[in-house]
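Chemist: Structure of the sequence below:
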Amino acid sequence: MKKFLILAMSALMVFACGKKSSENNSAVEKSNTQTQAAGKTYKIGVTQFMTHPSLDLVKKGFEKAFEEAGIKADFDEKNANGEVTTANLIASNYKADKKDLVFGIATPSAQALANNITDIPVLFSAVTDPAVAKILNKNVTGTSDKLENVGEQLDILLKLKPGVKKIGVLYNTSEQNSIVQVEEIKKQAQAKHLEVVVQGVTNFGELAQATKNLVASTDALYLPTDNLVVSSISLIASEAINAKKPVVSSENSSVELGALFTMGLDYYELGKRTGEMAIEILKGKPVSDIPFETSKKMKLYVNEDTAKALGIDVKNPALANAEIIKKK
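Modeler: As a prediction, this is how the structure comes out:
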């Protein structure tokens, strides 16, 4: 019996030592991975669907996260200039170049990466509904710019302009994220007994006339985070201001360029959060352990110059705590 107890105790000691050794090895491996992440220069592909202020801010925020973390990266930046074919070509080139990680800004660029790349971590941002966009593969994560405050935005509009009965919605019919938003706008507007006039466009050439038509037939415009529309916000806002019609936007860069107000996201911070997620992955955390996120941080912005042109007092209680900005 005594001999049996001695053997059992010895076995337990061996097991404990083995377990401790395994834990130590795991800790060392994790430390080595993090040290390697800090010292290596990573090849990062950054593809943006088109140029406009919100998407530019996402890119700046993403790259700032690397700078603040002290992670060295060679950012290979590409712009698809609004062309899906170009977005797919960029994704194929990134795959061939064996990037350490790739980042797609806006739905079409994110879709191009997710559809072409399965063996490299793919990050996305400025995607309204990643599930509907069908990009949530095992190697994909990121941040969504989906806003669930359409009703609140309409409430503010009605407080500022109680006479509004009909709102116009301008969007690109080929952008999946915009289609999702348009349906939500229609739903929320109906609940507030507002008529919605939807105007779809497919390219820049159609925007000017579409805007004129919509401004002439409605009391106010509500713009989704549509890449084509936001990139033309100066034209749209100017047309609306001349007609004394307010424009409600879904992101703050449009307010800077003439839209009346938004309770929207900070796209710089959205991009920065995506960069932080990318760094976690480069340090060894599995993509599958980092679910995509939707930002809940919203802020009210109002353009003082536009408000004045429309006869709206920025001290209106509906704009309490808003950040007052002037038109660029």
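Chemist: hey, let's count contacts and neighbours off CA atoms from now on
Modeler: Fine.
Chemist: And the contacts of the helix or strand containing E184?
Modeler: Element membership for E184 (DSSP states H and E) is helix 176-191. With contact meaning Cα atoms under 8 Å, 6 or more residues apart in numbering, helix 176-191 is reached by 107, 127-129, 132-133, 150-151, 154, 169, 171-173, 195-196, 224-226.
Chemist: Now the helix or strand just after that helix: average pLDDT?
Modeler: Counting by DSSP H and E, the next helix or strand C-terminal to helix 176-191 is strand 195-201. Averaging pLDDT along strand 195-201 gives 96.
Chemist: relative orientation of the helix holding E184 and strand 195-201 in degrees?
Modeler: Here the directions of helix 176-191 and strand 195-201 differ by 170 degrees (axes from the mean of the first three to the mean of the last three Cα atoms, to 10 degrees).
Chemist: Tell me where the stretch 201-328 of the chain has strands.
Modeler: For the stretch 201-328 of the chain, applying DSSP state E, counting those that start in this stretch gives strands covering 220-222, 247-248, 261-264, 293-294, 299-303, 323-325.
Chemist: Contact partners for A243?
Modeler: 215-216.
Chemist: hmm, try it at 10 Å
Modeler: Neighbouring residues of A243 by Cα atoms under 10 Å, 6 or more residues apart in numbering: 212, 215-216, 219-220, 237, 310.
Chemist: where does this protein have low pLDDT?
Modeler: Filtered on pLDDT under 70, the chain yields the residue ranges 1-38, 327-328.
Chemist: so is the residue sitting nearest the centre point of it in a helix, a strand, or just coil?
Modeler: Geometric centre of the chain, nearest residue: A126, 2.1 Å, by Cα atoms, centre = their mean. The assignment at A126 comes out as strand when based on DSSP: H, G, I helix; E, B strand; the rest coil.
Chemist: V150 against K192, yeah?
Modeler: No - contact criterion Cα atoms under 10 Å: V150 and K192 do not qualify, at 11.2 Å.
Chemist: hmm, back to that, of the contacts of A243, which belong to helices?
Modeler: 212, 215-216, 237 (DSSP state H).
Chemist: Please identify which pair of the residues you listed lies farthest apart.
Modeler: A216 and A237 (13.4 Å; Cα to Cα).
Chemist: element containing N115, please.
Modeler: Assigning secondary structure by DSSP H and E places N115 in helix 107-116.
Chemist: again with T47
Modeler: Judged by DSSP H and E, T47 forms part of strand 41-48.
Chemist: in the next helix or strand after that strand, what counts as buried?
Modeler: Scanning forward in sequence from strand 41-48 by DSSP H and E, the next helix or strand is helix 53-69. Judged by neighbour count (16 or more other Cα atoms under 10 Å), helix 53-69 contains these buried residues: 53-66.
Chemist: For helix 53-69, what is the distance to the chain centroid?
Modeler: Between the centre of helix 53-69 and the centre of its chain there are 12 Å (Cα atoms, centre = their mean, to the nearest Å).
Chemist: Strand 41-48 and that one, what's the angle between them?
Modeler: Using the same axes, to 10 degrees: helix 53-69 against strand 41-48 is 170 degrees.
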